[in-house]
Structures are given as C-alpha cells and as structure tokens.
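Participant: Sequence plus predicted model, see below.
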Amino acid sequence: MVIKKNIESLKAELPATCRLIAVSKTQPVTLLRQAYYAGQRLFGENKAQEMAAKQKELPADVEWHMIGHLQTNKVKYIAPFVALIHSVDSEKLLEEINKQALKNNRVIKCLLQVYIAQEETKFGWGIDEVPALLHPEFATAYPAVEIIGLMGMATFTQDEAQIRNEFGSLKRLFYTLKQSKLPANVTMMELSMGMSADYKIALEQGSTLIRIGTAIFGERNYQA
Ligand SMILES: *Cc1c(COP(=O)(O)O)cnc(C)c1O
C-alpha cells in the first residue's frame, strides 16, 4: 500500500521534534482512511466545509489542521473541532475565531501566517508586523484564542538557497519572539514550514510541523 509506505518513510526522516501533517485536501475519504490505518493522526485541509464533512467520516482521534486561507464566514464550520488553524492572517479573522471559540466554549489554537516568499499570491503578515500585533492587550482582545507559533510558505522555486533563506527568516522571527515578553495567550512552540518539495530544507531550519500532500497521496486531481 503506497500511502502507508510513504507515511512510514517520511516519519523515519523526522526528528523527534517534528510532526507530520498529511495534507488531504481534494482527496477522497477512502484515502484518508488508508492513512489513518497506517497510523497517521494529523490531517491538513484548506477548505472549511470539506474539512467539516471529512471530520464526520473519520475517527474522533484525528487532529484537524486548517492550513489554507480561511474566510471569516467559514470559521463556524470548523470551530467545534479544529485542532490548529495555521493560516491566521488578519485581525478580522482573529476576532471571528475568538467569537466562534467562545460560542463553542473552547480555546482555539492558532499560528500566525507570516509572509516570507517573493510571491504576490501568498497571504500573511510581514515579518515586521508581527511584534506590533502581539501588543500587551492581545490577550484581553482575544481571550479564546491561543497563538502557539508561526507558519510560512517559501517561494515555489528550484533555488534551494532562496528557500533556505526564507525559512531561515521565519526561524529567526520565531526565536526572537520566543525570547521576548509575549502576551499571556501567546507562546512560540510550533514552527509550521515545509511541503513535499521543500520539507528537507524546512527540517534543517527547525520546522516542528511539516505539511505533506503529494509525497503521501500522489498528485491531486482537482477535477474529481
Ligand atoms: C497543499 C498545501 C500543502 C501540501 O502541498 P504538497 O506540495 O502537496 O505537499 C502544504 N501547505 C499548504 C498551505 C497547502 O495549501
């Protein structure tokens, strides 16, 4: 079974400090089940309704990770169960996550998505914007949100030096923040970086969560 083999060989490459997220967007539930029975428990999706539908079909011990751009009007679909939202990229979204978390009587863990790529299509905060966002009132503004780290995507390029530089800039921000005085609901525990094409460089730069789709499930079929 190729999915099982892919998961096992990826896991064998990971240091103890890094966990594997199986990015299952567009994939049918039958393939998620194969990954589940191979021992995979962390799954990443990029559409709220697709995640909510799959959540109903898989066992309750799956950890669901939202990795794609999230519109505020979609937060409600995942707020009851989502384990971690990697793609927090605006204060408007923070407000909505806080509101939906309160409604569901829980605290929702999030990462701040930081813009590190030389591409115009990527969402996220600029590196310089993050310290100002984490002002002392952040904890009273978003009491039902817990920020536990940062997420970033490198430029889609063959240039490994550039990718290494971009991940390196996120790593530096992560360690700078880790050593600063942060609001009560903010810690720097997780650094989400690395996809199928660039996860080896991300590991070398200290990633704690790699998000792997293609290298587990094969090419995505968007027509399906
Ligand atoms: C799709 C996606 C991935 C996985 O990409 P692969 O190249 O298939 O591993 C990782 N992160 C995000 C944010 C994605 O949207």
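Facilitator: Ah, there it is.
Participant: ok, how many other residues are close to residue 123?
Facilitator: 16 (other C-beta atoms under 10 Å). Quick note: C-beta positions are derived from backbone N, CA and C, even for glycine.
Participant: likewise residue 176?
Facilitator: The burial count for residue 176: 13, using other C-beta under 10 Å.
Participant: Just to be sure, it is in a strand?
Facilitator: No - read with DSSP: H, G, I helix; E, B strand; the rest coil, residue 176 is helix and lies in no strand.
Participant: Local confidence estimate at it?
Facilitator: Note for residue 176: predicted pLDDT of 98.
Participant: what about it, distance to residue 145?
Facilitator: 21 Å (C-beta to C-beta, to the nearest Å).
Participant: Just give me the residue right at the centre of this structure.
Facilitator: residue 86 (3.3 Å; C-alpha atoms, centre = their mean).
Participant: touching the ligand at all, stretch 163-172?
Facilitator: No - Stretch 163-172 does not reach the ligand (C-beta under 6 Å from any ligand atom); its nearest approach is 12.9 Å.
Participant: contact partners of that stretch?
Facilitator: Under the criterion C-beta atoms under 8 Å, 6 or more residues apart in numbering, residues 114, 116-118, 127, 150, 152, 154-155, 157, 191, 193-194, 198, 201-202, 204-207 lie in contact with stretch 163-172.
Participant: same deal with stretch 52-71?
Facilitator: By C-beta under 8 Å, 6+ apart, stretch 52-71 touches 21, 23-25, 29, 32-33, 36, 41-48, 51, 77-78, 81-89, 93, 123, 151, 192, 209, 211.
Participant: now it, how far from the centre of its chain.
Facilitator: With C-alpha atoms, centre = their mean, to the nearest Å as the basis, stretch 52-71 stands 12 Å off its chain's centre.
Participant: Next: stretch 95-107.
Facilitator: Using C-alpha atoms, centre = their mean, the offset of stretch 95-107 from its chain centre is 19 Å.
Participant: Give me the residues contacting it.
Facilitator: With C-beta under 8 Å, 6+ apart as the criterion, stretch 95-107 contacts 72, 75-76, 79-80, 85, 88, 108, 110, 141-146.
Participant: Among the contacts of stretch 52-71, name the ones that also lie close to the ligand.
Facilitator: Okay, of the contacts of stretch 52-71 touching the ligand (C-beta under 6 Å from any ligand atom), that's 23, 25, 46, 211.
Participant: So what touches the helix or strand harbouring residue 36?
Facilitator: Using DSSP states H and E, residue 36 sits within helix 29-37. Here helix 29-37 makes contact (C-beta under 8 Å, 6+ apart) with 1, 3-4, 7, 22, 24, 43, 54, 57-59, 62, 216-217.
Participant: Tell me how many other residues surround residue 58.
Facilitator: Neighbours around residue 58, by other C-beta under 10 Å: 17.
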